[in-house]
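Chemist: Coordinates for the following, if possible.
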Amino acid sequence: MSVPLLSLVVPVYNVAPYLLRCLESLAALSPPADEIIVVDDGSTDDCPRILAEFALRLPQMRVIRQENGGLSAARNTGLDEACGKYLAFVDSDDFVEPDAYAEALEQAEIGQLDMVLFNARFHYEGRQPDRPIYPDAAATGVVPGREWLRLRLKAGRLLHMVWMHLYRRDFIENNRFRFVPRLIHEDVIWTTKALLSANRIVFLPRIAVNYRIPIRHATSEAKQKRLEAVVESSVINARIEAELAIDLRADPELQTLLGHRLVDGALSIFHILAKMPDRRVARRILRDLRINGVLGLLWHSAGSVAQRRRIAKHYLLSLVYALV
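Modeler: The predicted model follows:
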């Protein structure tokens, strides 16, 4: 039995307004994907019906339904089921270009690559003009993944989204890569580990994916719950990135750059705390960040006076809140 060339893993959860356009874009791919694994992560809206009807039109599409476990769990299920030589992820509220993977597959085969990276565009649903995610990045030849990581960290712009990559599946399996369950922004750790591990990658500047930026509406309670989860995940990401940086002692430049990125990412926690509807919980979380050593971790990883000034400001605030 021949091995499929390309497997696509598509996690789905309550995205009924966007799902059909995503599926239509997958059906229009040229060359077609050999295997499309859709993991319905316990959707409670119209997604199951849409998937059942569309599966009749697309014979290579297989739908797996599971209890809700989050995006990471859904992607992991897809990884466990995928059979293709190459694999890519597609988020079900996005849509891809008809030739999204054509050049990437060709380059991967010619160059025996671990990963192919491609460009995408922010899609604002007509509210403003769409724009490329990497307007400044030129095509590369074959380079180690860590050199691309270094390049983007120096440029101060690295989007970690896993759907911007094509992977050789045995590269994923040999490194035992899986997503951390229930982690929000799980792409950060996955992409950093993948780039540090990949020996041969290529970046293609062509637009392959349209990344939808919707307007989100949520109750105060739902917003609070989500923001608390984002903070918790940001702390986990910062700690793991710090561990990855420690392993880069032989490359002090990249070690420093990764430390700076760690801080840039984690400083968003302060913005999130400012947006929390429940101010009492926000103050408690800031106190905990000091007590649990997170602010200290950020201080030691900071690479600029501006970063340390912000960290010191919130450290002092946490002391004030401890007195309230």
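Chemist: Show me how far the top strand by length along the chain is from its chain's centre.
Modeler: As assigned by DSSP state E, the longest strand anywhere in the chain is strand 201-212. Distance of strand 201-212 from its chain centroid, counting by CA atoms, centre = their mean, to the nearest Å, is 14 Å.
Chemist: Following element in sequence after it, please.
Modeler: Toward the C-terminal end, the helix or strand that comes next after strand 201-212 (DSSP states H and E) is helix 220-246.
Chemist: Would you mind pulling up the elements that that next one packs against?
Modeler: helix 187-197, helix 252-266, helix 268-275, helix 279-291, helix 294-301 (3 or more CB pairs under 8 Å, 6 or more residues apart in numbering; DSSP states H and E). Where you see a C-beta, it was placed from the backbone N, CA and C, and this is true even at glycine.
Chemist: can we see that at 7 Å?
Modeler: The contact analysis (3 or more CB pairs under 7 Å, 6 or more residues apart in numbering; DSSP states H and E) places helix 220-246 against helix 187-197, helix 252-266, helix 268-275, helix 294-301.
Chemist: how close does D288 get to V281?
Modeler: Note on D288: its distance to V281, by CB to CB, to the nearest Å, is 10 Å.
Chemist: returning to that earlier point: looking at the helices and strands packed on helix 220-246, spot the one closest to N237.
Modeler: helix 187-197 (4.9 Å; CB to CB).
Chemist: ok and the closest one relative to helix 252-266, angle-wise?
Modeler: 170 degrees (axes from the mean of the first three to the mean of the last three CA atoms, to 10 degrees).
Chemist: Tell me the gap between helix 187-197 and the middle of its chain.
Modeler: 10 Å.
Chemist: likewise stretch 75-89?
Modeler: On CA atoms, centre = their mean, the centre of stretch 75-89 falls 16 Å from that of its chain.
Chemist: Start and end of that stretch, how far apart?
Modeler: Its first and final residues considered, stretch 75-89 spans 8 Å by CA to CA, to the nearest Å.
Chemist: Can you give me the buried ones in it?
Modeler: R75, N76, T77, G78, L79, A82, G84, K85, Y86, L87, A88, F89 (16 or more other CB atoms under 10 Å).
Chemist: now stretch 278-291
Modeler: Buried, per 16+ other CB under 10 Å, within stretch 278-291: D278, A282, R283, I285, L286, R287, L289, R290.
Chemist: circling back to that earlier point, out of the buried residues of stretch 75-89, which is nearest to L29?
Modeler: So of the buried residues of stretch 75-89, ranked by how close each gets to L29 (CB to CB), first place is A88, at 10.4 Å.
Chemist: partners of the helix or strand containing the closest one in the sheet?
Modeler: Secondary structure assignment for A88, by DSSP H and E: strand 86-89. Looking at strand 86-89 with DSSP bridges, its partner strands are strand 6-12 (parallel), strand 165-168 (antiparallel).
Chemist: Extract the residue ranges of the stretch 1-150 of the chain that are flagged as low pLDDT.
Modeler: Within the stretch 1-150 of the chain, the stretches with pLDDT under 70 are 1.
Chemist: now do 90
Modeler: 1-3, 136-139 (pLDDT under 90).
Chemist: mind listing the strands in it by residue range?
Modeler: 6-12, 35-40, 61-65, 86-89, 95-96, 115-123, 131-132 (DSSP state E, counting those that start in this stretch).
Chemist: which residues touch the first one?
Modeler: Contacts to strand 6-12, defined as CB atoms under 7 Å, 6 or more residues apart in numbering, come from residues 19, 26, 33-41, 43, 47, 51, 71, 74-75, 78-79, 82-84, 86-90, 92, 101, 105.
Chemist: Same question for the fourth one.
Modeler: The contact list for strand 86-89, computed with CB under 7 Å, 6+ apart, reads 5-9, 75, 101, 105, 108, 162-163, 165-169, 172.
Chemist: Check the gap between the spatially closest residue to T192 that is not a sequence neighbour and P252 for me.
Modeler: With CB to CB, 6 or more residues apart in numbering as the criterion, T192 has its nearest non-adjacent residue at 6.1 Å, and that residue is L244. Distance, L244 to P252, by CB to CB: 14 Å.
Chemist: neighbour count winner among the two?
Modeler: Neighbours were counted for L244 and for P252 using other CB atoms under 10 Å; L244 has more, 16 against 9.
Chemist: check contacts around the more buried one.
Modeler: Counted by CB under 7 Å, 6+ apart, L244 has contacts T192, L196, L258.
Chemist: Many thanks, we can stop here.
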